[in-house]
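sharing a sequence plus its predicted fold:
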Amino acid sequence: MDNRAMIATGAAVGIAAVITARALTGAGSQFEPPLLDKREHQVAFGYVEDENRGENPMNPPIFREDPYFWVRDDARKNKEVIKHLEKENAFTDFKMKPLKKYTESLYKELLSHVQETDSTVPYKHGPYEYYTKTLEGSSYKIHCRREIGSEKEEIILDENVLAKGKKHCDVGAVEVSPSHQLLAYAVDSTGYETYEVLIVNIGTGKVVDQALTETAGRLTWGRDDKHLYYSTFDQAHRVDKVWRHSLLDTKNNDILLFEEEDELFSAGFQKTRSERFMFIGSQSSETSEGYMIDLTKENTEAELIAKREKGVLYDVNEYRGKLYIITNKEDAKNFKLMSTSVDQPGPENWKEVMPYDKDIKLDLLSSFKDFAVLYGRQGGFTQMWIVRGDDDALTRVEFEEKAYTVAPGVNEEFETTNYRFSYSSLTTPMQTIEINVDSGERKVLKEQPVPNFERSSYESDRIEVTAEDGTKVPMSLVYKKGLLNGSDPKPCYLYGYGSYEISIDPFFNSKLLPFLDRDVVVAIAHIRGGGEMGRMHYENAKYLKKKNTFTDFIACAEELVAKKITTPDRLVIEGRSAGGLLIGAVINMRPDLFHAAHAGVPFVDVMNTMSDATIPLTTGEWEEWGNPNEEKYFDYMLSYSPYDNVHKANYPALLATSGLWDPRVAYWEPTKWLAKLRENNLGDKDMLLKMDLASGHFSASDRYKLYRERAFELTFLLDQLQVLRAD
């Protein structure tokens with residue numbers, strides 16, 4: 001469907017349809033929102049006997065009443081709760097029913113920008129080229145290979161076959177063994193991010209070993225087909241153990257290589273591209289500790305690299321027979337690159353490879369036989385440098401566009417002079433690029449096809465916003481070319497996240513086209529709590545500075561209004577997960593500034609969740625938000641927790657979406673939040689909850705269902721902006 005063609009030919013009909021649709025969705029009805037019973041329950045903050053409440057819990061504890069606490073059911077089997085969620089879905093379906101044709105039209109529109117039958121660029125790995133493909137009408141990827149020099153395709157794993165009969169099917173790691181005869185893959189069938197691992201013979205398709213259950217989904221082979229490395233969870237769904245599995249061991253005596261007992265830390269592992277070392281790491285938000293196993297030796301004992309030291313983070317890789325370390329050691333806030341010999345891994349032997357530069361944030365080193373690639377950030381954007389020569393000389397890879405995103409591609413070969421990476425911008429679809437590190441020559445191997453898209457029709461901009469405390473906060477804009485030449489305010493969509501040092505970089509997203517093609521300005525607030533401007537951009541919005549995330553977002557919204565790009569009644573906002581916390585906080589703080597909001601899998605019950613160590617992720621995130629069991633954090637966290645700060649106000653229209661099996665943000669958080677919001681809302685705008693009873697944090701695994709979900713969310717937001725139209 002060509003949306004632009006509809007503007008001239010169907011304006012009058014479209015406006016009438018929008019008015020009718022909005023009248024229907026806003027009308028009163030005997031179908032009222034489901035009521036959630038209130039039941040007395042006191043939640044303890046501070047010391048509780050035989051519970052992990054952190055280092056300095058308040059004693060005596062403070063108790064707070066939560067009348068909706070009973071909605072929590074860790075097993076997800078409480079029939080009363082399930083019935084309530086079904087009623088919520090029924091109410092949301094009823095309110096959105098008049099817009100059903102628009103949702104269907106938007107679904108088709110989203111698909112019109114997708115090349116449904118497609119394949120990735122094949123990459124060399126041993127005697128084969130590997131790739132994945134999708135077929136029109138098929139919901140999942142197909143993993144394939146072909147011998148180098150041959151066009152004969154061999155399917156090694158069809159996720160569509162795995163998904164048959166399942167409501168959810170998320171495939172984690174897919175790893176070919178060193179001999180290329182075996183395939184290990186991990187499958188999550190619930191959405192709870194707990195994976196079963198199967199090992200099959202590629203030639204016959206038959207399972208060759210017992211399944212590994214309750215794993216974290218990450219897999220790595222050793223130097224041969226004898227050993228497979230994996231990790232598992234503790235009861236709170238924290239990755240705490242790393243194992244070595246021996247194939248065809250009838251006694252099932254997997255070797256425990258590492259166990260992390262400190263609940264602040266999570267474990268991980270990675271094999272070097274040279275296949276010499278397996279690095280095992282344990283990390284919290286602020287501290288890390290690494291070990292290495294020499295895979296050329298029979299001994300499985302892990303050797304300590306550097307003992308954990310509070311506040312010191314480091315990441316290790318092997319390059320040219322030495323260890324290279326990216327670390328914030330010695331107050332290098334944005335991290336620096338150091339090295340040492342394999343025989344002397346201790347930090348007392350680390351030497352600087354390049355002088356520390358406070359304006360460059362270092363993130364990742366990817367190493368090969370004769371060169372390495374360093375990734376980081378500079379000037380607010382992702383950057384990459386080629387590391388070469390005996391002096392480790394760095395050459396930054398330059399790009400023409402001012403705002404862009406680069407990331408590592410798939411590079412399996414250790415001995416090579418070619419390196420692949422991905423490149424994208426707000427108006428450039430993702431490209432797979434190969435650079436020859438000797439000559440510097442680059443080839444665009446593929447640009448992701450986006451049907452019915454013409455990049456010259458759009459333009460982007462980057463502006464600076466002055467935050468409440470004077471800090472400069474970047475904001476990216478993308479819109480139809482010439483749209484902002486006039487003085488009339490436009491409908492606007494503002495997105496934000498702002499936590500965990502995760503950057504929302506300017507990359508191409510075809511799911512934004514329904515906004516852009518309806519003359520909606522798309523804005524991305526690069527607020528503190530994210531890592532766009534380096535480590536301090538993150539650290540200045542955590543713990544007792546977390547509110548900077550919310551005031552930064554409000555400042556971005558106010559700037560859009562001040563520049564007359566939009567007005568509050570034409571501004572909709574969206575955030576997911578910790579971005580849902582953002583949405584919940586800002587609509588409490590400034591309900592007058594936003595017309596409507598979508599909060600996806602929103603982390604809104606901050607106090608209750610962060611006080612309970614049995615809830616997945618809680619203990620590790622005490623170094624992100626603080627611990628409300630401690631007096632130091634209790635009042636501050638209480639002052640912004642969205643659920644706890646709902647008050648009598650005329651709230652924006654709201655759609656909250658969630659998944660019953662989400663282990664990261666439990667379903668009960670948005671369920672309780674919506675009940676409290678409805679109770680306190682002084683206005684008449686819709687407040688809707690859509691709960692997927694068969695998925696988790698990352699929504700549907702079926703790509704077509706995922707597009708339908710997005711079409712539903714777009715329908716809500718575009719309706720609120722009064723720009724809906726359908727064929």
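Great, that's in hand.

what about residue 582, which helix or strand?
Counting by DSSP states H and E, the element that carries residue 582 is helix 578-589.

by contact count, what packs against that helix?
strand 492-496, helix 547-562, strand 571-576, strand 596-600 (3 or more C-beta pairs under 8 Å, 6 or more residues apart in numbering; DSSP states H and E). C-beta: built from backbone N, CA, C; applies to glycine.

and that helix, average pLDDT?
In this model, helix 578-589 has an average pLDDT of 98.

that one to strand 571-576, inter-axis angle?
Put simply, helix 578-589 runs at 140 degrees to strand 571-576, going by axes from the mean of the first three to the mean of the last three C-alpha atoms, to 10 degrees.

which parts of helix 578-589 are buried?
578, 579, 580, 581, 582, 583, 584, 585, 586, 587, 588, 589 (16 or more other C-beta atoms under 10 Å).

ok, stretch 683-699 next?
Using 16+ other C-beta under 10 Å as the test for burial, stretch 683-699 gives 686-692, 694-699.

go through those residues and say which is closest to residue 277.
residue 698 (31.3 Å; C-beta to C-beta).

helix or strand right after whatever helix or strand residue 671 lives in?
In this structure, residue 671 sits in helix 668-680 according to DSSP H and E. Note on helix 668-680: by DSSP H and E, the next helix or strand toward the C-terminus is strand 687-692.

that older thread, from the buried residues of stretch 683-699, pick the one nearest residue 364.
residue 698 (22.6 Å).

show me the contacts for that closest one.
Neighbouring residues of residue 698 by C-beta atoms under 8 Å, 6 or more residues apart in numbering: 170, 191.

then residue 159?
By C-beta under 8 Å, 6+ apart, the contact list for residue 159 reads 140, 141, 142, 143, 169, 171.

next one: it from residue 140, what distance?
As for residue 159, its distance to residue 140 is 3 Å (criterion: C-beta to C-beta, to the nearest Å).

overlap in contacts, those two.
Shared contacts of residue 159 and residue 140, defined by C-beta under 8 Å, 6+ apart, comprise 169, 171.

any chance of a markdown table for the contacts of residue 159, columns pLDDT, distance to residue 392 and secondary structure?
As requested, those are exported to a markdown table (pLDDT from 0 to 100; distance: C-beta to C-beta, whole Å; DSSP: H, G, I helix; E, B strand; the rest coil):
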| residue | pLDDT | distance to residue 392 | secondary structure |
| --- | --- | --- | --- |
| 140 | 97 | 43 | coil |
| 141 | 98 | 38 | coil |
| 142 | 98 | 41 | strand |
| 143 | 98 | 37 | strand |
| 169 | 96 | 45 | coil |
| 171 | 97 | 38 | strand |
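
so which residues of the stretch 51-200 of the chain form helices?
For the stretch 51-200 of the chain, the helices defined by DSSP state H, counting those that start in this stretch occupy 79-96, 100-112, 159-163.

and residue 605, how far from residue 228?
Between residue 605 and residue 228 the computed distance is 38 Å (C-beta to C-beta).

what's the answer for residue 365, then?
Distance of residue 365 to residue 228, given as C-beta to C-beta: 25 Å.

quick one: which of residue 605 and residue 228 has more around it?
Neighbours per residue (other C-beta atoms under 10 Å) separate residue 605 from residue 228, with residue 605 holding more: 28 against 23.

residue 673 is in contact with the more buried one, correct?
Yes. With contact defined as C-beta atoms under 8 Å, residue 605 counts as touching residue 673 (6.9 Å).

what's the overlap in contacts for these two?
Common neighbours of residue 605 and residue 673 (criterion: C-beta under 8 Å, 6+ apart): 642, 643.

hang on, the earlier thing: adding distance to residue 87, write the buried residues of helix 578-589 out as CSV.
What follows is the buried residues of helix 578-589, written out as CSV (distance: C-beta to C-beta, whole Å):
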residue, distance to residue 87
578, 28
579, 27
580, 22
581, 26
582, 28
583, 24
584, 22
585, 27
586, 28
587, 24
588, 26
589, 30
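
ok, now which ones touch the closest residue to residue 141 other than its chain neighbours?
Closest residue to residue 141 apart from its sequence neighbours, by C-beta to C-beta, 6 or more residues apart in numbering: residue 132 at 4.7 Å. For residue 132, the contacting residues are 119, 120, 141, 142, 143, 144, by C-beta under 8 Å, 6+ apart.

just list whatever residues bridge to the fourth one.
Same thing as residue 142. residue 133, residue 158 (DSSP bridges).

low-confidence ranges in the stretch 201-350 of the chain?
For the stretch 201-350 of the chain, the stretches flagged by pLDDT under 70 are 250.

what about the strands in it?
212-221, 227-233, 239-246, 255-259, 266-271, 277-283, 288-294, 303-306, 314-319, 322-327, 336-341 (DSSP state E, counting those that start in this stretch).

okay, those strands in a markdown table with distance to residue 563 next?
Conversion of the strands of the stretch 201-350 of the chain to a markdown table gives the following (distance: least, C-beta to C-beta, whole Å):
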| stretch | distance to residue 563 |
| --- | --- |
| strand 212-221 | 45 |
| strand 227-233 | 48 |
| strand 239-246 | 45 |
| strand 255-259 | 53 |
| strand 266-271 | 43 |
| strand 277-283 | 41 |
| strand 288-294 | 42 |
| strand 303-306 | 49 |
| strand 314-319 | 40 |
| strand 322-327 | 39 |
| strand 336-341 | 39 |
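
these: which one's closest to residue 437?
Comparing the strands of the stretch 201-350 of the chain by C-beta to C-beta, strand 314-319 comes nearest, at 13.5 Å.

helices or strands up against that closest one?
strand 277-283, strand 288-294, strand 303-306, strand 322-327, strand 360-367.

relative to residue 602, how far out is residue 88?
14 Å.

now do residue 576
In terms of C-beta to C-beta, residue 576 sits 8 Å off from residue 602.

helix/strand/coil for residue 43?
Under the three-state scheme (DSSP: H, G, I helix; E, B strand; the rest coil), residue 43 adopts strand.

OK, contacts around it?
Residues in contact with residue 43 (C-beta under 8 Å, 6+ apart) are 63, 64, 65, 66, 69, 607, 608, 611.

which member of the buried residues of helix 578-589 is positioned nearest residue 424?
The closest of the buried residues of helix 578-589, once distances to residue 424 are taken by C-beta to C-beta, is residue 579, at 20.2 Å.

show me the shaky parts of this structure.
1-30, 250, 726-727.

one more time with 50, if that's ok
Residue ranges of the chain with pLDDT under 50: 1-29.

for residue 447, grab the count of nearby residues.
Residue 447 has 15 nearby residues by other C-beta under 10 Å.

not counting its neighbours along the chain, what's nearest it?
Leaving out its chain neighbours, the residue that sits closest to residue 447 by C-beta to C-beta, 6+ apart is residue 431, at 4.7 Å.

many thanks, we can stop here.
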